[in-house]
Every structure is written in C-alpha cells, then in structure tokens.
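Student: with the input below, show me the fold.
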Amino acid sequence: MSISLSLIPAFVLHARPYRDTSLLLEVFSADQGRVGLVARGARTSRSRQRGLLQPFQPLLLSWSARGELGTLTAVEAAGAPLSLRGHALYSGFYVNELLVRLLHRNDPHPELYPVYGETLTGLMQASEPEPVLRRFELRLLELLGYGLQLERDTAGAELDPESRYDYRPEEGAVPLAPTGQACGVAVSGHSLLALRSECLDDAQVRRDARRLTRAALDPHLGAAPLKTRAVLLQLVRVR
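Tutor: As a prediction, this is how the structure comes out:
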C-alpha cells in the first residue's frame, strides 16, 4: 500500500551517501516516528535540499512510500537550526544515535518527539550537558517501556537515602549488605532518590545516573558499541 505524507515536522538523525547523487536519511518525525527516506539528487551542487537536510534543523518533510523506505518529495525549514557546539554538539549526536539504534522504523512515538526537541534546546542552553542527557535517557527508557523503578526497592519498601542498593534494571533496587557484592549497579539510595526527582546537581549523583542509564540501555542496543559514547566519556574525563 502506498502512502503520501505532507509537511510533517521532523529532524534528520543521520544521513549518508546513497548511490551517485542521493542521500539515505534516518529522520525522526512527529507522526511516524523514525523513518528511512531517500533524498534523490540531494548531493548535487544545485540541490536546494542539501543545506537543509542537516541534524538539529527543524524541518517540515513530505514523502511517499510503498514499503519501509520512502522517497522525500519536499523539504522546508520549520525554524532556525539549533546551534550546538563542543560538548553539546557531541551530546546531540549521541541522542540521535540512541534514537537510530532503539527505535524501529515507522513506529510512531508522539510523546517522545517533543522530548527530543526539548532536549536539543536544553543542550543548546545548558552550561553542563550531562544533566540534560540523563533526563533524556530516563524519559526515553520510560516511553519505550523500560523505565527505572525509583519509588521502592524490590521488597516494596521505600528507598532509604542512607542505604546502599544493588540496582538491577530488569528487577529494581535490591538492598545491598555493607560487605555484599552487586550483580547490577551498586548505588546509594540518595542517588536513586535524586534521579527520581531529576535533581542532578551533585557530581556523584551524575556519575551514578550515567552508570544506571547505561546499564538499562545497553541490553536494548545490540552488540555494537555506540560511537558517540566513547567521545562523550573522553570529554567527561578531561573536564
């Protein structure tokens, strides 16, 4: 069955050369989720699309499709490009790589699309990208059905900020004895409660949050490592 869609809000997540003059795009759209599109002739010097089909540029896209891969038919700017630089730029590419790896094509995520836009704006405005990334990861996990349990431990008791826990993403927070070894992520109740309220001002809380979200995301990302994660970890180490 053929479909035709017009002026759908979207962002380019990734683009690569396709055949002689075209681009193969992975886009994140408000209505259709992640979509694969061929932009025919977009790599030619006379193409008007070439300058618009960039990451972090709000767009209105039109395309037609018969199968999984569609053909771009029109593109318009939907606003000024979001200016991400330095750490924020690599953080934006990391967010894009997460979406490409975690979202299935043509699976709508209408609640995630505004979160993505807010995250890009947050990265552009924040002096410290780490809290913005952790909040995005938490919301992404929740909207995909993999949300972290940050209310109670696995026995049903409220989390204690003074206690230590073995956090297992598939189960939750297991109370950890002082000399016990964690099977998942060893973390304080204080960090778990801070993460629940998205209060990420403390450096230790940010470190714990990074370990927790990584442990929760990795089982769904496949075997290949995220290319942007290594760059971000290096940036964090040199700060």
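Student: and this structure, what are its domains?
Tutor: 3-77, 87-238 (automatic domain parsing).
Student: turn these into JSON lines, including mean pLDDT.
Tutor: Below are those laid out as JSON lines (pLDDT from 0 to 100):
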{"stretch": "domain 3-77", "mean pLDDT": "93"}
{"stretch": "domain 87-238", "mean pLDDT": "92"}
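Student: okay, these in TSV with mean neighbour count next?
Tutor: Every C-beta, even on glycine, is put in place using the N, C-alpha and C of the backbone. Output for these, formatted as TSV (neighbours: other CB atoms under 10 Å):
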stretch	mean neighbour count
domain 3-77	17
domain 87-238	16
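Student: which stretch of helix or strand covers the closest residue to residue 69 other than its chain neighbours?
Tutor: Closest residue in space to residue 69, ignoring its immediate chain neighbours: residue 36 at 4.7 Å, by CB to CB, 6 or more residues apart in numbering. Element membership of residue 36, judged by DSSP states H and E, is strand 33-39.
Student: that strand packs against which elements?
Tutor: strand 3-18, strand 22-29, strand 59-65, strand 69-77 (3 or more CB pairs under 8 Å, 6 or more residues apart in numbering; DSSP states H and E).
Student: wait, which of those is closest to residue 226?
Tutor: When the helices and strands packed on strand 33-39 are compared by CB to CB, strand 3-18 sits nearest residue 226, at 12.8 Å.
Student: if we can go back for a sec, name the residues that touch the strand holding residue 36?
Tutor: 10, 13, 15, 18, 22-29, 49, 53, 61, 63, 68-72, 75, 99-100, 103-109, 112 (CB atoms under 8 Å, 6 or more residues apart in numbering).
Student: equivalent analysis for stretch 145-158, please.
Tutor: 138, 141-142, 159, 165, 167, 169, 171-175, 192-193, 195-196, 212-213, 216, 220.
Student: where's the residue nearest to residue 69 relative to residue 98, distance?
Tutor: Remark: distance between residue 36 and residue 98 (CB to CB, to the nearest Å) = 17 Å.
Student: let me know the outermost residue of the chain.
Tutor: residue 179 (35.8 Å; CA atoms, centre = their mean).
Student: may I ask which helix or strand encompasses that one?
Tutor: Here residue 179 is assigned to no helix or strand, by DSSP H and E.
Student: so who does the residue nearest to the spatial centre of the chain touch?
Tutor: The residue lying closest to the centre of the chain (CA atoms, centre = their mean) is residue 95, at 3.5 Å. Shown in contact with residue 95 (CB under 8 Å, 6+ apart): 116, 119-120, 123, 133, 136.
Student: what segments of this structure are helices?
Tutor: 87-102, 112-125, 129-143, 189-196, 203-217, 227-238 (DSSP state H).
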